[in-house]
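Need coordinates for the following:
(2 chains)
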Amino acid sequence: MDFQTLGVLLYRTREKKHLSLLDVCSGICSQSTLSRVEQGSRELDSLTSEMLLGRIGREVTRFELILNAEDYYLNQLRIEINENIEEKNYIKAKEKINLYRQHMPAEGKVHEQFCCYMECRILIAQNEITEKLSALLLRAIRYTIPDYLLENCVSRRLYSPVEIELIRMHITYNDRKCECNEVELFLIMDFVTEFYSLKQQEKIEIPLLVDCVKYEIALEKYNRALASIERALDIISVGRSMQYVGELHFLKAQVLSCVQNSIDKNREWQDECKRECFMAYVVFGVMGKKEEKEEIYKYCLEKLNWQITEQMMLSD
Amino acid sequence: MANYRANDVIRLTRKAVGLSQEAISEGICSVETFSRIERGKTKIKGDTYKKIMERLERNTDKFYAVCSGEDVDLLDDVAAIENAIAKFDYQLADSILGNVRENIGDTPENKQYVEGIKAIIDHGNGKISAETEKLYLEHALMLTVPDYKIFLHKSCAEVYPYTEHEIIILMNIAACNARTGNPEGEIQIYNMLLKCFQNGYISGEKCIQLKITILRNLAYALGRKEKYHAAIKMTECVKKLSLKYDYGYKLCIAINDMSWIYRNLYENELQEEYYNIGKQQYRQAYYLALARKDNILAEKLKNGYQRFYQSDIEIV
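A predicted model of the protein is given here:
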């Protein structure tokens, strides 16, 4: 049977990737619920459906979801909360999060996780990196991954996009760094490598790769850093985003100047470096990111003996 | 994914085909219940939804994949085709299409998908004219909306609730209208689709991108009509929205459009400022395309620059 519906798609993917019911639904819903969804006798709300699809590495934009009015309303609220946070309207965002809590379903683990996730994003954006943030992140993660950081040997795990983001944030903002953090990061990379094809979930894989690049630069593993940068750019190139483009090219310029070797054999490494810097400069300029633009300007002046001017755009 | 508000889908479809609440609800539920369903006051269960949509001759599932088949890997192939098309690589798209046609199922949506995408690819590869492409696209659309032409010409207050994919086909038909010297036809479709988005029955990330694309195409149409100052205003709007929603690819296109508008303005009004802005925006578009590894676009821009300004676009 074709995977027209969510149930069949879940079943087929489980079959193909040798996943158990528990692998997919653990922490989100019961195995019997998932089984009924697969047989088509049970419906789930849009957020839960998104989480399950995320866990099997499926991009949610491939599917059409017809929602009841209440569910549609919650979906709209999620979009609005996200927009408010991106536009730095934190007061509005918090109001809407409260509204969301009033309307979300009673058995709302994934919904509560969503609310906590948004609250964490606000705390981070307002630079309130305290114990409160750490504790909230942990609580949010444990709604759907109850044994996070509690058990040592976890062989396989599937992650929804929200779970990945929460774990990434926890690793970044957690004071008490422990081995388990690294283990989770590698588990996530394993999952992403196995389940995501090139274009899927660019929003998730790219920040992960940027993290890896920074690690690799610190460890002077420059070739690996360049490979990670190229992979990230390849993912971006089949997507729609602009978000990390500037940062990636600037990182590439910096790695090239450490290696002092060019990739394109028709150019000197200094020229390639300048080209990468200029790309980043233009991108940051278009996005209105003045500080980042300044940083590149200074870098070019000091390290490459090259002054970038606005006039360059008009030169012959 | 595109999310649809179930009650809107039912009500708008019923009204568009001119049937009464009694006609649709008979044998399924009472008219009062049906009325409550249409107003979103009662949740609709899967079974009821199925029966209602069967009467309305539309897709009966509350969750479905636009492309479905036996093997879940089909979704990756479909994503790969769309990425190739987005980057104007029609040859690559064509090579994957064979695979997709073999593995895709034979629901009306699947057939519609294949027919539509084949028309776009064949035109992109120069195998068929824009007129022929339009015929194929219309045929594909009418597999699920046989009365689309009636809806297009009816000036009704309420819209027909097209699915996201039907909207994409309509946008491509509009593009064909532009290419075959029928700008009124092009704009008529865009205005209808903007009404669809305004109605609010459909939402999702792709909808935002489609809206931005429509605005960009309308701006471009203004440019073709030599209404340059209006085109500039609208393109500025497209740039803002592309930045806001991180639609990097469209941002690049919009900046290129700006360059084209200013070049034309300069030919009309010969002000040096226009010449400079045109040149600057052109280079900006080029470096953005390079930064996102939009190589085919970057190559086009490089060649175009050489033609217009008789010099190399590269600064380094």
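
can I see the domain layout of chain B?
B:1-54, B:65-202, B:227-315 (the TED database).

Any idea which residue of chain A lies closest to chain B?
Going by CB to the nearest CB, chain B is nearest to residue A:242 of chain A, at 2.9 Å. In short, each C-beta sits where N, CA and C put it, glycine included.

pLDDT score assigned to that residue?
Looking at residue A:242, its pLDDT stands at 89.

My read is that it contacts residue B:245, right?
No - look at residue A:242 against residue B:245 with CB atoms under 8 Å: they stay out of range, at 10.2 Å.

Between these two, point out the one with more neighbours.
Taking neighbours as other CB atoms under 10 Å in any protein chain shown, residue A:242 and residue B:245 compare with residue A:242 leading, 23 against 19.

To which secondary structure element is the more buried one assigned?
Counting by DSSP states H and E, no helix or strand carries residue A:242.

now swap in the one 4 residues further on and tell me
Assigning secondary structure by DSSP H and E places residue A:246 in helix A:245-259.

Where do the strands of the stretch 1-150 of chain A begin and end?
A:63-67 (DSSP state E, counting those that start in this stretch).

Just give me the neighbour total for residue 302.
Answering for chain A, as no chain was given. By other CB under 10 Å, neighbour count at residue A:302 equals 9.

let's do chain B instead
Neighbours of residue B:302 (other CB under 10 Å): 15.

And it, which helix or strand is it part of?
Going by DSSP H and E, residue B:302 is part of helix B:295-309.

List the buried residues for that helix?
For helix B:295-309, burial by neighbour count (16 or more other CB atoms under 10 Å in any protein chain shown) applies to B:297-298, B:301, B:304-305, B:309.

What is the nearest of those to chain A?
Checking the buried residues of helix B:295-309 against chain A with CB to the nearest CB, the nearest one is residue B:309 at 7.3 Å.

hang on, the closest one packs against residue B:279?
Yes - using CB under 8 Å, residue B:309 makes contact with residue B:279 at a distance of 6.5 Å.

Which residues does the helix holding residue B:302 contact?
By CB atoms under 8 Å, 6 or more residues apart in numbering or on different chains, the residues outside helix B:295-309 that reach it are A:237, A:316, B:87-89, B:252, B:256, B:263, B:279, B:282-283, B:285-286, B:289-290, B:311-314.

Among the domains of chain B, which comes closest to residue A:25?
domain B:65-202 (17.5 Å; CB to CB).

Not counting sequence-adjacent ones, nearest residue to residue B:257?
Distance criterion CB to CB, 6 or more residues apart in numbering or on different chains; nearest residue to residue B:257, sequence neighbours excluded, is residue B:235 at 5.3 Å.

Can you name the helix or strand that the one you found falls in?
Under the assignment here (DSSP H and E), residue B:235 is part of helix B:228-244.

and that helix, what does it pack onto?
If you count contacts as 3 or more CB pairs under 8 Å, 6 or more residues apart in numbering or on different chains; DSSP states H and E, helix B:228-244 packs onto helix B:205-224, helix B:248-269.

Redo the ones you listed as CSV? Include distance to residue A:309.
Formatted as CSV, those follow (distance: least, CB to CB, whole Å):
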stretch, distance to residue A:309
helix B:205-224, 30
helix B:248-269, 20
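
Need those in TSV (columns: mean pLDDT, mean neighbour count and distance to residue B:9).
Compiled in TSV, the helices and strands packed on helix B:228-244 are given as follows (pLDDT from 0 to 100; neighbours: other CB atoms under 10 Å in any protein chain shown; distance: least, CB to CB, whole Å):
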stretch	mean pLDDT	mean neighbour count	distance to residue B:9
helix B:205-224	92	20	14
helix B:248-269	93	21	28
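
So which residue is dead centre in chain A?
When chain A is reduced to its mean C-alpha position, the closest residue under CA atoms, centre = their mean turns out to be residue A:204, at 2.5 Å.

still on that earlier bit, of the domains of chain B, which is nearest residue A:26?
domain B:65-202 (20.6 Å).

Ok, which of the helices and strands packed on helix B:228-244 comes nearest residue A:64?
Of all those, it is helix B:205-224 that lies closest to residue A:64, at 10.6 Å by CB to CB.

ok now the closest one, how far from the chain's centre?
Mean-position distance between helix B:205-224 and its chain equals 9 Å (CA atoms, centre = their mean, to the nearest Å).

what does stretch B:44-52 give?
For stretch B:44-52, the distance to the chain centre is 29 Å (CA atoms, centre = their mean).

Which residue does the stretch 201-316 of chain B have closest to chain A?
For the stretch 201-316 of chain B, CB to the nearest CB, closest residue to chain A: residue B:248, 2.9 Å.

give me the low-pLDDT residue ranges for the chain?
Picking chain A for this. A:1, A:61, A:151-156, A:175-182, A:197-201 (pLDDT under 70).

if you could check chain B rather than the one you did, that'd help
For chain B, the ranges with pLDDT under 70 are B:1, B:155-157.

mind listing the strands for it?
Here chain B has its strands, by DSSP state E, at B:2-5, B:63-65, B:202-203.

in its sheet, what does the first one sit against?
According to DSSP bridges, strand B:2-5 forms sheet pairs with strand A:63-67 (parallel), strand B:202-203 (antiparallel).

Run through who's touching the first one.
With CB under 8 Å, 6+ apart as the contact definition, strand A:63-67 has outside contacts at A:6, A:45-46, A:49, A:53, A:75, B:1-6, B:9, B:49, B:59, B:61-66, B:163-164.

could you redo the last one with a cut-off of 7 Å?
Residues from elsewhere that reach strand A:63-67 (CB atoms under 7 Å, 6 or more residues apart in numbering or on different chains): A:46, A:49, A:75, B:1-6, B:9, B:62-66, B:163-164.

cool, stretch B:237-249 as well?
Identification of contacts with stretch B:237-249 by CB under 7 Å, 6+ apart yields A:240-243, A:245, A:287, B:208-209, B:212, B:215-216, B:219, B:250-251, B:254-255, B:292, B:294.

buried residues in it?
Going by 16+ other CB under 10 Å, stretch B:237-249 has these buried residues: B:237-239, B:241-243, B:245-249.

for chain A, what are the nearby residues on the stretch 1-150 of chain B?
For the stretch 1-150 of chain B, the residues in contact with chain A (CB under 7 Å from any CB of the partner chain) are B:1-7, B:9, B:40, B:43-44, B:46, B:61-66, B:68-70, B:72, B:75-76, B:79, B:83, B:105, B:107.

Weed out the non-buried ones from the residues you listed.
Neighbour counting by 16+ other CB under 10 Å classes B:1-7, B:9, B:40, B:44, B:46, B:61-66, B:68-69, B:72, B:75-76, B:79, B:83, B:105, B:107 among these as buried.

Please narrow the residues you listed to those residing in helices.
If you go by DSSP state H, these have B:6-7, B:9, B:46, B:75-76, B:79, B:83 in helices.

I'd like to know which of those residues is nearest to residue B:22.
residue B:7 (17.5 Å).

contacting residues for the closest residue to residue B:96 other than its chain neighbours?
Spatially, and ignoring its direct neighbours in sequence, residue B:96 is nearest to residue B:81 (4.9 Å; CB to CB, 6+ apart). Taking CB under 7 Å, 6+ apart, we find residue B:81 in contact with B:93, B:96-97, B:100, B:117.

Now list the buried members of these.
Among the contacts of residue B:81, those scoring as buried are B:93, B:96-97, B:100, B:117 (criterion: 16+ other CB under 10 Å).
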